[in-house]
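K.L.:
Okay, structure incoming, though there's no sequence with it:
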């Protein structure tokens, strides 16, 4: 890799007459220049220009004509748009868009490989592509091409050996009969297109024998018919369809070389019917998320003795896990979660000397963790959460030197976690032992694991102080110690720079809210609910600019709500209820946007057993016809994103009920709860700017004044509770336009006048929403509003009103002027005589001017924001 830029002169390559291959990848070459008086004699046949960030892609491709013998051109991750005469043309990952031109393709008659993948092309394929009779490899995947694949030029390309049109918008006939005569076809990828039904006609017998087939995300209801005529398949992916019926064991009987079968996320039902003869080649079997049931055949290990990946999660398997699984010596990845397995974990698992990932979560397993499992397996991931496992956790488990993630949550483990003076080999990234019966003090040795990313010990019986040793967890991402009996203060030194989520609720922490967490610029969730914290909420909380969720409910905080909270523009949920906060509600809370959060925060680990798990799976097109082609397909199991299910969660009260929000639902929730405090003053009209908020609770305070009419703008509000205050005036009738409002409480105030019309959502609110307001009337209350008849008004002329009225308007005007002048002179005399009152008066004038200025400024900003 160099940093060549601009134009390269061909004259500089004259001395290299025998050069046949040139690699200029990862540069900024814009074009090649051949002087007019120099005739190129270059023998160059292969030119690599991938990842060239040039500003003129067409200039580069046009200048390639300076190499008359060029046969292979690689422009991967470059910016080029025009084809050239070559054997291979690759423009993948070039960020190209638009439709393919109809002209030019017919001139590429010698083209053997065409790679247009990973761009933004759209429209239909040019008909001229059908004339590329020598084409062996074609990859147009990950674009936006459209049209019926049966009438596309692809049906004319009978020489194709590799065809990929995955991730487009093609209409694909369910029979795939249009490719029946492609006798040389070996690799076929058509994932994620639009399946098109066909009339029940005779389907031709295919002439091809596929090695690799991938047809996922197509809404197939059954395996394609042509699969019954294939007998050399090595890789089959039919996942994420709607395939019904029984397990297709015939695929194994017809294809003895089959190595990978992926049938996950379908509707396959019945028992797992295995083939009658052993299949020594199968390495990967994935039947995740189907309707398979019954017991796993005990002879599975002898039928598939060389399995590497076995994934059978989210089915209805029951019974004991076969002890014969211990005979699968090659097994590296075993995933059986979310089934109905019972019994104990087989001791025979200790013989799986290659096992690195074991997931048995969310079953009905009982007993303890076999010691042989820890001693005999090089486990990196041990996931046993959501079972009925019990007993004490033996110390040996915390010395497993390879263990990366340990999940024992939601079981019945008990006892104390052993304390060690030092932890040498044990350095996991995630430990989840939540929702068990562990007791004792938090182990201090956990603070010495520098690579700790996630720790969840919630819902146990731990007691004692927050360990100071935890201050050394600089890489900690997630901490959940909630629902224990921890006490004392939270150490100020606890400031992990990468921490995202902190849950310390339902403990007995005391003292003021220290400056812990306040240097954690990535902090998104801070939950200190139901502790005994005191003092004020520090203004430096406004430095946590990434904060999304702030829960300080049920403590003993006092003082005013700091205006620095308004700096947290990304805040989605704020609960300060059940404290002793006083003063007004900050009007600057209007700065909170409560916008929908596109992503959710979860702990993920990038994990794989190897990029190429089996060299014999390689299907290469490198030497077809003596030509070295760029497109090679390697059959491999890609790296798996192992989701460590220590997901963020919050408990928040809305609609008069306390709910736990987690996972994707948490993205949609937003709300403010300031209830059960000592807040005073009026409800700021600016709160009406929070048009994305879902829940607002200001009940049980000392608020006065009317309900702001700006609440009309709370278009997403579902729960609004203003009860138990001193609010007065009428309920704004415009609130009936809040179509999402499900809960509305204004009970026990001093409101008056008629209740808004019982229409839309307001037709669902009963008497309890309004009780305790003696001057309210109308349905659903039993008090009828008295109808006052307006007196009839007789039209009279201005002359009659001036002459026959009770007041002589001329006398009234003069009297007003005289009274005004007299009062002004009296005030002036008093201020002149008494210097103390004079200072008070001018101070009062200054305060009025300042208040008017900020009132105009604030309302102008609010009005501008509303208009925008």
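P.N.:
Arrived safely, thanks for sending. Just so you know, these numbers come straight off a predicted model, no measurement behind them. Numbers count the residues shown, from 1 in each chain.

K.L.:
From residue 718, how far out is residue 670?
P.N.:
Counting by Cβ to Cβ, to the nearest Å, the gap from residue 670 to residue 718 is 10 Å. Quick note: C-beta positions are derived from backbone N, CA and C, even for glycine.

K.L.:
Could you list the single helix or strand in the chain with the lowest mean pLDDT?
P.N.:
Taking mean pLDDT, DSSP states H and E as the measure, the helices and strands of the chain show their lowest mean at helix 798-804, namely a mean of 41.

K.L.:
got the residue ranges for the helices in this structure?
P.N.:
For the chain, applying DSSP state H gives helices covering 57-63, 250-254, 300-303, 371-376, 798-804, 809-833, 835-867.

K.L.:
For the longest one, what does the pLDDT average out to?
P.N.:
When the per-residue pLDDT values of helix 835-867 are averaged, the result is 70.

K.L.:
and what of the third one?
P.N.:
Taken as a whole, helix 300-303 has an average pLDDT of 94.

K.L.:
One more: the second one?
P.N.:
The average pLDDT within helix 250-254 is 93.

K.L.:
Name the surrounding residues that touch that helix.
P.N.:
With Cβ atoms under 8 Å, 6 or more residues apart in numbering as the test, helix 250-254 has contacts from 223, 227-228, 230-231, 233, 236, 258, 261, 275, 277, 279, 282.

K.L.:
Kindly reformat these as a markdown table and extend each row with neighbour count.
P.N.:
Listed next are these as a markdown table, based on neighbours: other Cβ atoms under 10 Å:
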| residue | neighbour count |
| --- | --- |
| 223 | 20 |
| 227 | 21 |
| 228 | 14 |
| 230 | 19 |
| 231 | 13 |
| 233 | 21 |
| 236 | 23 |
| 258 | 23 |
| 261 | 22 |
| 275 | 16 |
| 277 | 10 |
| 279 | 21 |
| 282 | 24 |
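
K.L.:
What is the most widely separated pair among those?
P.N.:
Of all pairs drawn from the contacts of helix 250-254, the greatest distance, 20.4 Å, lies between 223 and 277 (Cβ to Cβ).

K.L.:
if we can go back for a sec, between residue 670 and residue 718, what contacts are shared?
P.N.:
694-695.

K.L.:
More neighbours: which of these two?
P.N.:
In this view residue 670 and residue 718 are compared by other Cβ atoms under 10 Å, and residue 670 has more residues nearby, 29 against 21.

K.L.:
Nearest residue to the more buried one in space, ignoring adjacent ones along the chain?
P.N.:
Computed as Cβ to Cβ, 6 or more residues apart in numbering, the closest residue to residue 670 that is not its neighbour in sequence is residue 594, at 4.0 Å.

K.L.:
per-residue confidence for the one you found?
P.N.:
78.

K.L.:
show me what contacts residue 729?
P.N.:
Shown here is residue 729, whose contacts under the criterion Cβ under 8 Å, 6+ apart are 705-707, 751-753.

K.L.:
List just the nearest of those to residue 308.
P.N.:
Using Cβ to Cβ, residue 707 is the member of the contacts of residue 729 that sits closest to residue 308, with 65.3 Å.

K.L.:
residues near the closest one, how many?
P.N.:
22.

K.L.:
hang on, the earlier thing: could you export the contacts of helix 250-254 to JSON lines, including columns for pLDDT and distance to residue 292?
P.N.:
Formatted as JSON lines, the contacts of helix 250-254 follow (pLDDT from 0 to 100; distance: Cβ to Cβ, whole Å):
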{"residue": "223", "pLDDT": "93", "distance to residue 292": "16"}
{"residue": "227", "pLDDT": "94", "distance to residue 292": "20"}
{"residue": "228", "pLDDT": "92", "distance to residue 292": "22"}
{"residue": "230", "pLDDT": "95", "distance to residue 292": "24"}
{"residue": "231", "pLDDT": "94", "distance to residue 292": "25"}
{"residue": "233", "pLDDT": "95", "distance to residue 292": "22"}
{"residue": "236", "pLDDT": "95", "distance to residue 292": "17"}
{"residue": "258", "pLDDT": "95", "distance to residue 292": "19"}
{"residue": "261", "pLDDT": "95", "distance to residue 292": "14"}
{"residue": "275", "pLDDT": "92", "distance to residue 292": "16"}
{"residue": "277", "pLDDT": "91", "distance to residue 292": "21"}
{"residue": "279", "pLDDT": "93", "distance to residue 292": "18"}
{"residue": "282", "pLDDT": "94", "distance to residue 292": "17"}
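
K.L.:
Among these, which ones are in strands?
P.N.:
Applying DSSP state E to the contacts of helix 250-254, the entries found in strands are 236, 261.

K.L.:
Thanks again, I'm all set now.
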